[in-house]
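Chemist: coordinates only, sequence not included:
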């Protein structure tokens, strides 16, 4: 014989809080979920770790990397990897070049000691070459930002052009090495200034 529950029992069962409701109220007003950029699903990123060190977070649905956690070495060299869209460093290098050039002219006109004249010559040439390297780097970065592209592709193409040119034109190898060395020195100088003064851009 079928038995029916009383209305009082049904009302008691209906008034019990559900687990989903409690979880929803616990995270109410908090951004506990994000949208995956690959599959466009709402998800909670899963953290991938290696020997207790978090490496990255991934989407649990498609496995796409959502964000990466920098290591200690990466945090150390972060100022050297930052690509700033600014010609401030270029302006300072141009100003230093003009100052050393003026000093060079004064040394040649007033017959000042040779040591001071040598410093002026090296300062003018050195800062002038650094200004050219800085202008080239900022031009590439501004072009990539203007076209909404990753500048890594432009730098990869630049390295490929250097390699192909060096293979076909042996007489240009010294100039290509000189320009590559200038870019490397510029990278070290600008990165060191950012690391010392705590600049992020």
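Modeler: Right, received. Where do you want to start? Just so it is clear, the structure is predicted and the values come from calculations on it, not from any experiment.
Chemist: domain assignment for the chain?
Modeler: Listed domain ranges for the chain are 33-66, 86-189 (source: automatic domain parsing).
Chemist: Just the endpoints, please. Distance across the first one?
Modeler: By that I understand domain 33-66. The first and final residues of domain 33-66 sit 12 Å from each other (Cα to Cα, to the nearest Å).
Chemist: which helices and strands sit right next to the longest helix anywhere in the chain?
Modeler: Longest among the helix segments of the chain by residue count, using DSSP state H, is helix 114-146. Taking 3 or more Cβ pairs under 8 Å, 6 or more residues apart in numbering; DSSP states H and E as contact, the helices and strands that helix 114-146 lies on are helix 88-110, helix 151-168, helix 173-197. Just so you know, the C-beta spots here come from the backbone N, C-alpha and C atoms, and that holds for glycine as well.
Chemist: before we move on, back to that, export the domains of the chain to CSV and append columns for mean neighbour count.
Modeler: Conversion of the domains of the chain to CSV gives the following (neighbours: other Cβ atoms under 10 Å):
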stretch, mean neighbour count
domain 33-66, 13
domain 86-189, 14
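Chemist: which residues does residue 43 contact?
Modeler: When contacts are counted by Cβ atoms under 8 Å, 6 or more residues apart in numbering, residue 43 is found next to 33-36, 59-61.
Chemist: got a list of what the closest residue to residue 94 other than its chain neighbours touches?
Modeler: For residue 94, the nearest residue in space outside its immediate sequence neighbours is residue 131; the separation is 5.2 Å by Cβ to Cβ, 6 or more residues apart in numbering. Residues in contact with residue 131, defined by Cβ under 8 Å, 6+ apart, are 90, 93-94, 97.
Chemist: Next: residue 100.
Modeler: 119-120, 123-124, 127.
Chemist: Adding pLDDT and distance to residue 191, write these out as TSV.
Modeler: Conversion of those to TSV gives the following (pLDDT from 0 to 100; distance: Cβ to Cβ, whole Å):
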residue	pLDDT	distance to residue 191
119	89	25
120	89	27
123	89	21
124	92	24
127	89	17
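Chemist: ok, so of those, who is nearest residue 50?
Modeler: residue 127 (44.2 Å; Cβ to Cβ).
Chemist: Would you mind confirming that the closest one makes contact with residue 96?
Modeler: Yes - taking Cβ atoms under 8 Å as the definition, residue 127 is a contact partner of residue 96 at 4.3 Å.
Chemist: residue contacts, the closest residue to residue 150 other than its chain neighbours?
Modeler: Leaving aside its chain neighbours, residue 150 sits nearest to residue 144 (6.6 Å; criterion: Cβ to Cβ, 6+ apart). Listed by Cβ under 8 Å, 6+ apart, the contact partners of residue 144 are 150-151, 153-154.
Chemist: Let me have these in JSON lines, adding pLDDT as columns.
Modeler: As requested, the contacts of residue 144 are exported to JSON lines (pLDDT from 0 to 100):
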{"residue": "150", "pLDDT": "76"}
{"residue": "151", "pLDDT": "80"}
{"residue": "153", "pLDDT": "85"}
{"residue": "154", "pLDDT": "86"}
